[in-house]
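Trainee: only geometry, no sequence info:
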């Protein structure tokens, strides 16, 4: 039994090493900001920066684990998807989505639990949700 467990452990270590060679999840680029969202409330912008901008802007802070597969794969997918759905750094392309974003924030769908469980500062209080949601509704 011990021998089998040893081989399984060696296999897992080798597999972990091999998946590091997969290039997906290593494009840690931050394209240029073309048009910042026109925030009218600086407090709401600060809340958005801490809770939303890592996935919904071109100002992603890539942490060390974003380079270690398979976490890097999930991280890259989340950033790509987040930027596709709403990007505060390219507001000229995403104008008009503030109302939907406000709904998602007020209903607690964003930020998702798997993000704030690692980034505690991104967990929004009821007051922060209200402040952010109200400001999102005002974005053109």
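Mentor: Good, I have the coordinates. All of these numbers come straight from a predicted model, not from anything done at the bench.

Trainee: mind checking how far the longest helix anywhere in the chain is from the chain centre?
Mentor: Secondary structure of the chain read by DSSP state H shows that its longest helix is helix 2-19. Helix 2-19 has its C-alpha centroid displaced from the chain centroid by 31 Å (Cα atoms, centre = their mean, to the nearest Å).

Trainee: and the residue sitting nearest the centre point of the chain, what helix or strand is that in?
Mentor: The centroid of the chain falls nearest to residue 55 when counting by Cα atoms, centre = their mean (2.9 Å). Assigned by DSSP states H and E, residue 55 belongs to helix 53-56.

Trainee: could you point out which element follows that helix?
Mentor: Assigned by DSSP H and E, the successor of helix 53-56 is helix 71-85.

Trainee: buried ones in the helix or strand just after that following helix?
Mentor: Using DSSP H and E, the helix or strand that follows helix 71-85 towards the C-terminus is helix 91-94. Neighbour-count burial for helix 91-94 flags 91, 94 (criterion: 16 or more other Cβ atoms under 10 Å). Just so you know, the C-beta spots here come from the backbone N, C-alpha and C atoms, and that holds for glycine as well.

Trainee: give me the contacts around helix 91-94.
Mentor: 34, 35, 36, 37, 38, 86, 87, 88, 139 (Cβ atoms under 8 Å, 6 or more residues apart in numbering).

Trainee: so which of the residues you listed is the closest to residue 117?
Mentor: residue 86 (21.3 Å; Cβ to Cβ).
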